[in-house]
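Enquirer: Okay, here's the prediction I keep looking at, along with the sequence it came from:
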Amino acid sequence: MSRGKKLDIFIGTDIDDGWAQVQTPRKSKVSNEILEPSKHFLVFQKEKRRGKTVTLVGEFKLPSEDATTTLKLLKKKLGCGGAFKDGWMEFQGELKDKLRELLVNEGFRFKHGH
C-alpha cells in the first residue's frame, strides 16, 4: 500500500441502527439556588492538568451572567486565563493568596481553614 492512498474498509453494518450516545452524569450537581456574595462559603482546590497547576474556587451560586462578569474582572486583575464550569471558577496557575484577597474585596466569604 502506498503512503498517499487511504485504506477503504467496509465493515458491513450501519452505525445508525440502535446506537446511542452515552450520556455521562456530571461530577457535581448544579443547583438553581442563587445566593448573594456574603452568603457564599467558598473553598479552594488545586489540580494538576497536563503538568500545569489549576486553581479552582467554588462553589458559586450566582446567575450565569453575574458569574461571568465576576470571572472576567478577576481574570483581568490577575492577568491569567480561566473558565466557569459547573459552579466552579478555574484559574490558570497557583493564585490562592491573590484570589482570596480579590474575592474578599468583592464580598465573598471562605470556609474556615481555606
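Expert: In hand now; what should we look at?
Enquirer: separation between Leu35 and Pro63?
Expert: Relative to Pro63, Leu35 is positioned 10 Å away (criterion: CB to CB, to the nearest Å). Bear in mind the C-beta positions are built from the backbone N, C-alpha and C, glycine included.
Enquirer: brain fart, Glu33
Expert: From Glu33 across to Pro63, the span is 11 Å (CB to CB).
Enquirer: Between those two, tell me which one has more neighbours.
Expert: More neighbours surround Pro63 than the other of Glu33 and Pro63, with 10 against 7 (other CB atoms under 10 Å).
Enquirer: ok, and the closest non-adjacent residue to that one?
Expert: Among residues not flanking Pro63 along the chain, Ile34 sits closest, at 6.0 Å (CB to CB, 6 or more residues apart in numbering).
Enquirer: can you check Leu35 too?
Expert: Among residues not flanking Leu35 along the chain, Lys61 sits closest, at 4.5 Å (CB to CB, 6+ apart).
Enquirer: Is that neighbour in contact with Glu36, as I believe?
Expert: No: with contact defined as CB atoms under 8 Å, Lys61 does not reach Glu36; the gap is 9.3 Å.
Enquirer: Having no further points to raise, I will conclude here.
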